[in-house]
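Visitor: I need the structure of the sequence given here:
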Amino acid sequence: MEVKYIIYFFIGGIIISLVTYFASHAKGLLAAFFANLPVMTFLTFLTIYFEAGERAVTEYAKGLIIMLFPWLGYIFCIIFLTERLGLIPSLATGLTVYFIFSYIIIYISNIKWF
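Guide: Just a heads-up that it's a prediction; the model follows:
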(Lines give C-alpha, C1' and ligand atoms only; values in the text may rest on other atoms or scores of the structure.)
Protein backbone atom coordinates (compact mmCIF):
# COMPACT_ATOMS: atom_id res chain seq x y z
CA MET A 1 0.00 0.00 0.00
CA GLU A 2 1.28 3.42 -0.88
CA VAL A 3 1.91 5.98 1.84
CA LYS A 4 -0.24 8.60 0.08
CA TYR A 5 -3.40 6.57 0.77
CA ILE A 6 -2.59 6.45 4.48
CA ILE A 7 -2.12 10.23 4.47
CA TYR A 8 -5.49 10.70 2.70
CA PHE A 9 -7.11 8.44 5.30
CA PHE A 10 -5.76 10.49 8.21
CA ILE A 11 -6.68 13.83 6.62
CA GLY A 12 -10.22 12.59 6.05
CA GLY A 13 -10.44 11.33 9.63
CA ILE A 14 -9.21 14.64 11.03
CA ILE A 15 -11.79 16.56 9.02
CA ILE A 16 -14.65 14.27 10.11
CA SER A 17 -13.52 14.57 13.74
CA LEU A 18 -13.44 18.38 13.57
CA VAL A 19 -16.86 18.52 11.94
CA THR A 20 -18.38 16.16 14.51
CA TYR A 21 -16.78 17.99 17.43
CA PHE A 22 -17.98 21.45 16.42
CA ALA A 23 -21.43 20.27 15.33
CA SER A 24 -21.97 18.45 18.64
CA HIS A 25 -21.13 21.69 20.48
CA ALA A 26 -23.84 23.66 18.60
CA LYS A 27 -21.33 25.37 16.32
CA GLY A 28 -22.93 24.39 13.02
CA LEU A 29 -21.36 27.15 10.95
CA LEU A 30 -17.86 26.28 12.11
CA ALA A 31 -18.58 22.60 11.54
CA ALA A 32 -19.81 23.40 8.02
CA PHE A 33 -16.64 25.41 7.41
CA PHE A 34 -14.46 22.40 8.17
CA ALA A 35 -16.75 20.06 6.23
CA ASN A 36 -16.45 22.25 3.15
CA LEU A 37 -12.73 22.87 3.32
CA PRO A 38 -11.35 22.20 -0.12
CA VAL A 39 -8.69 19.89 1.33
CA MET A 40 -10.22 16.78 -0.21
CA THR A 41 -10.77 18.37 -3.62
CA PHE A 42 -7.29 19.90 -3.42
CA LEU A 43 -5.74 16.49 -2.81
CA THR A 44 -7.99 14.93 -5.43
CA PHE A 45 -6.95 17.54 -7.99
CA LEU A 46 -3.30 16.83 -7.22
CA THR A 47 -3.63 13.07 -7.49
CA ILE A 48 -5.65 13.30 -10.71
CA TYR A 49 -3.06 15.67 -12.14
CA PHE A 50 -0.18 13.33 -11.32
CA GLU A 51 -2.08 10.32 -12.67
CA ALA A 52 -3.75 11.81 -15.77
CA GLY A 53 -2.75 15.45 -16.33
CA GLU A 54 -4.40 18.84 -16.60
CA ARG A 55 -7.25 17.88 -18.91
CA ALA A 56 -8.48 15.26 -16.46
CA VAL A 57 -8.38 17.82 -13.63
CA THR A 58 -10.43 20.27 -15.70
CA GLU A 59 -13.01 17.61 -16.58
CA TYR A 60 -13.29 16.58 -12.94
CA ALA A 61 -13.73 20.22 -11.83
CA LYS A 62 -16.50 20.70 -14.41
CA GLY A 63 -18.15 17.53 -13.13
CA LEU A 64 -18.03 18.88 -9.58
CA ILE A 65 -19.86 22.03 -10.67
CA ILE A 66 -22.52 20.06 -12.54
CA MET A 67 -23.02 17.60 -9.67
CA LEU A 68 -23.43 20.50 -7.25
CA PHE A 69 -27.13 20.67 -8.18
CA PRO A 70 -28.01 17.13 -7.06
CA TRP A 71 -26.00 17.73 -3.89
CA LEU A 72 -27.99 20.90 -3.18
CA GLY A 73 -31.20 18.87 -3.58
CA TYR A 74 -29.83 16.42 -0.99
CA ILE A 75 -28.95 19.23 1.44
CA PHE A 76 -32.36 20.92 1.05
CA CYS A 77 -34.06 17.60 1.87
CA ILE A 78 -32.04 17.43 5.08
CA ILE A 79 -32.86 21.03 5.98
CA PHE A 80 -36.58 20.81 5.31
CA LEU A 81 -37.37 17.24 6.29
CA THR A 82 -35.25 16.43 9.36
CA GLU A 83 -37.48 18.22 11.87
CA ARG A 84 -40.63 16.94 10.14
CA LEU A 85 -39.72 13.29 9.48
CA GLY A 86 -36.57 12.65 11.51
CA LEU A 87 -32.98 12.22 10.42
CA ILE A 88 -33.05 8.75 8.86
CA PRO A 89 -36.09 9.38 6.59
CA SER A 90 -34.70 12.76 5.55
CA LEU A 91 -31.31 11.20 4.74
CA ALA A 92 -33.00 8.45 2.72
CA THR A 93 -35.11 11.01 0.85
CA GLY A 94 -32.10 13.25 0.28
CA LEU A 95 -30.02 10.39 -1.10
CA THR A 96 -32.91 9.36 -3.35
CA VAL A 97 -33.22 12.92 -4.66
CA TYR A 98 -29.44 13.04 -5.17
CA PHE A 99 -29.38 9.78 -7.15
CA ILE A 100 -32.40 10.72 -9.28
CA PHE A 101 -31.00 14.17 -10.17
CA SER A 102 -27.56 12.66 -10.78
CA TYR A 103 -29.02 10.00 -13.07
CA ILE A 104 -30.92 12.64 -15.05
CA ILE A 105 -27.80 14.79 -15.41
CA ILE A 106 -25.63 11.84 -16.45
CA TYR A 107 -28.29 10.61 -18.88
CA ILE A 108 -28.68 14.05 -20.48
CA SER A 109 -24.90 14.58 -20.69
CA ASN A 110 -24.51 11.27 -22.57
CA ILE A 111 -27.00 12.24 -25.27
CA LYS A 112 -25.24 13.15 -28.48
CA TRP A 113 -27.03 16.25 -29.70
CA PHE A 114 -25.19 16.50 -33.01
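
Visitor: residues making contact with the biggest helix by length in the chain?
Guide: Longest helix in the chain by number of residues (criterion: DSSP state H): helix 87-110. Contact with helix 87-110 is made by 66-67, 69-71, 73-78, 80-82, 84-85, as judged by Cβ atoms under 8 Å, 6 or more residues apart in numbering. Yep, even glycine has a C-beta here, placed from its N, CA and C like the rest.

Visitor: let's go with 7 Å and repeat that
Guide: Ile66, Met67, Phe69, Pro70, Trp71, Gly73, Tyr74, Cys77, Ile78, Leu81, Thr82 (Cβ atoms under 7 Å, 6 or more residues apart in numbering).

Visitor: try stretch 5-24
Guide: Identification of contacts with stretch 5-24 by Cβ under 7 Å, 6+ apart yields Leu30, Ala31, Phe34, Ala35, Leu37, Val39, Met40, Leu43.

Visitor: buried subset of those residues?
Guide: Neighbour-count burial (16 or more other Cβ atoms under 10 Å) applied to the contacts of stretch 5-24 gives Ala31, Phe34, Ala35.

Visitor: show me the residue at the heart of the protein, geometrically.
Guide: Centroid check for the chain by Cα atoms, centre = their mean gives Trp71 as the closest residue, at 7.2 Å.

Visitor: what pLDDT does that residue get?
Guide: In this model, Trp71 is scored at 94, pLDDT.
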